[in-house]
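In: Sequence below, structure please.
(chains A and B)
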Amino acid sequence: MNCEFAEKVSIMIDGELPPEEIESVRAHISECPDCQELERDFQFFKRQIRESAEDSPQIALPRIPALDIDGIAPTRKRGLSIPIPVFVGMVCLILIGWTGMFYFGESRSVRLAEDSTIKKAPPETSAGERSLARFDNGGRTELFVIPRNGEETNK
Amino acid sequence: MKTKILIIWLLFLTAISLCGDGPMTSAKDQSRRIRFQIVTINETAAGRKTLAQTTIEGLPGTDFNIALKTKNFTMQAKFLTDLISVEQLKIRAKLNTRRFYGKSPLDLPLYEEDAQDKQLKVGFDETIVLLPFGRNGGGETLKIEIIPTLISSPEANKAAPIEIKFDKPLASSEIAIEAIKIPHYFDVEAVLLEDGKRIAAGNSECLLEEEQEIILHSTGQREIQEFRTKFTVDKYTRGRPKDLIGIKFDLYDARQTLLLSAAGINVPDGEFVYRLENDQLPKNKKYELIFRIRNSKKENPD
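Out: Numbering: from 1, shown residues only, chains lettered A, B, ... in the order given. Here you go, the predicted structure:
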């Protein structure tokens, strides 16, 4: 069909033709056998679609994810699918392990603390004031050289 | 001509007498003595109080030990001294301390121990300071000062024995001081024998308690590899009828270690003989290493 009004006939059948053009298109249809046949076909298909929609149950069409500004579809986060019993078991194991570490570590450190309790020797006082022990403050022995009237050097 | 030769000889002899940073010759040493004044001091912020004083006097090379013993603490300070010039002494000190710390949970004694080796060069215008208990901030500090003095006297030509004078004894008797004179310098000859024949030899002067490397070079017509020994005279003990010398050494050739941590003890002028048995040496030959140790000529006669 090569008639230039074919497209306008289709738009008119869909109800989207501006009102001022409908009369001219109807006038053409009355004179054009091709456009008359085209109108009959479009009317038939439109009726068929309406009737089948009334007879069939509602179909939930899948939602098409909206595009972002850049035209790239946002990614959907993937979760790790773990069955609940397995998840509960893992949590229990972690709790048991943590509790065990805490208990045994604490015990071990308590045992170490007990083992490392050293009874430190008291300062020497028995020898009296004459003893050189009164100078002992636990320091390390030192040896160095000083000028007869100056600061120390270690040569 | 004769005058020129005489002047050259005089200059040569003068140069010999002036040169050397090493120990003095025995003739000069006999006119020189070293005095060590050992002063024990209680030092506080307010001042110093002398608790004890001891004077040791002897020929260069006189060694001394200071031992301190209280109920919970012992210190052994050993000083080896060598006169290296008219202005300086070389002092090698070994400090060992042991302090009772407390009791373990099993009621066993616990001790805190320390060992230090120090090498000092001390001028005769300097003082050696020993702090047995370390520093004590502003509190009381026990200090032992050792003041060396070189005594040069043309009249003191004879090798007088060591003198120790307790100018002021310590009231508590917790410090003991002793002095000893033993040889420090030794001439060591090392000889390697193959089937009783001398094939390599080397010699060196060794200082007591200091490692010295001696290289044994080939002595025969056959060129052999070089042997090296790291040698130490680590002990000299006065005894009767003879003194004893202790040595330790390692022996290497160009490729490997032939002997490690070998040791021996013998009388001075005696021979230390070691048979070498090593898989790397030819099995059909017998190898022996011999050391001969004598007091160095630099040493003062005993």
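
In: Okay, helices next: where are they in chain A?
Out: Along chain A, the segments classed as helices by DSSP state H run A:6-13, A:19-31, A:33-55, A:84-115.

In: Need the winner for burial among these.
Out: Among the helices of chain A, the stretch with the highest mean neighbour count (mean count of other Cβ atoms under 10 Å in any protein chain shown) is helix A:6-13, at a mean of 16. To be clear about C-beta, it is placed using only N, CA and C from the backbone, and glycine gets the same treatment.

In: which strands and helices sit next to that one?
Out: Applying 3 or more Cβ pairs under 8 Å, 6 or more residues apart in numbering or on different chains; DSSP states H and E, we find helix A:6-13 packed against helix A:19-31, helix A:33-55.

In: could you dump the helices of chain A to a markdown table with mean pLDDT?
Out: Output for the helices of chain A, formatted as a markdown table (pLDDT from 0 to 100):
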| stretch | mean pLDDT |
| --- | --- |
| helix A:6-13 | 88 |
| helix A:19-31 | 89 |
| helix A:33-55 | 82 |
| helix A:84-115 | 72 |
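
In: Got the phi and psi for the residue of chain B found nearest chain A?
Out: The nearest approach of chain B to chain A comes at residue B:134, 2.4 Å away (Cβ to the nearest Cβ). Backbone geometry at residue B:134, expressed as degrees, to the nearest 10, gives phi 80, psi -170.

In: Which residues are in contact with it?
Out: Shown in contact with residue B:134 (Cβ atoms under 8 Å, 6 or more residues apart in numbering or on different chains): A:137, A:139, A:140, A:141, A:142.

In: just residue B:171 next, same as before
Out: If a contact means Cβ under 8 Å, 6+ apart, then residue B:171 has A:130, B:51, B:52 as its contacts.

In: Now the buried members of these.
Out: B:51, B:52 (16 or more other Cβ atoms under 10 Å in any protein chain shown).

In: mind listing which of the contacts of residue B:171 are in strands?
Out: Applying DSSP state E to the contacts of residue B:171, the entries found in strands are B:51, B:52.

In: So which of the helices and strands packed on helix A:6-13 is nearest residue B:245?
Out: Relative to residue B:245, the nearest member of the helices and strands packed on helix A:6-13 by Cβ to Cβ is helix A:33-55, separated by 121.3 Å.

In: Any stretches of the stretch 201-302 of chain B with poor pLDDT?
Out: For the stretch 201-302 of chain B, the stretches with pLDDT under 70 are B:221-223, B:279-280, B:300-302.

In: quick revisit: while we're on the residue of chain B closest to chain A, how confident is the model there?
Out: pLDDT for residue B:134: 93.

In: For it, which non-adjacent residue is spatially closest?
Out: residue A:139 (2.4 Å; Cβ to Cβ, 6 or more residues apart in numbering or on different chains).

In: burial measure for the one you found, as a count.
Out: Residues within reach of residue A:139, counting by other Cβ atoms under 10 Å in any protein chain shown, total 16.

In: repeat for residue B:264
Out: 16.

In: Beta-bridge partners for it, please?
Out: Beta-bridge pairing of residue B:264 under DSSP bridges involves residue B:247.

In: measure it to residue B:245 for me?
Out: Separation of residue B:264 from residue B:245 (Cβ to Cβ, to the nearest Å): 9 Å.
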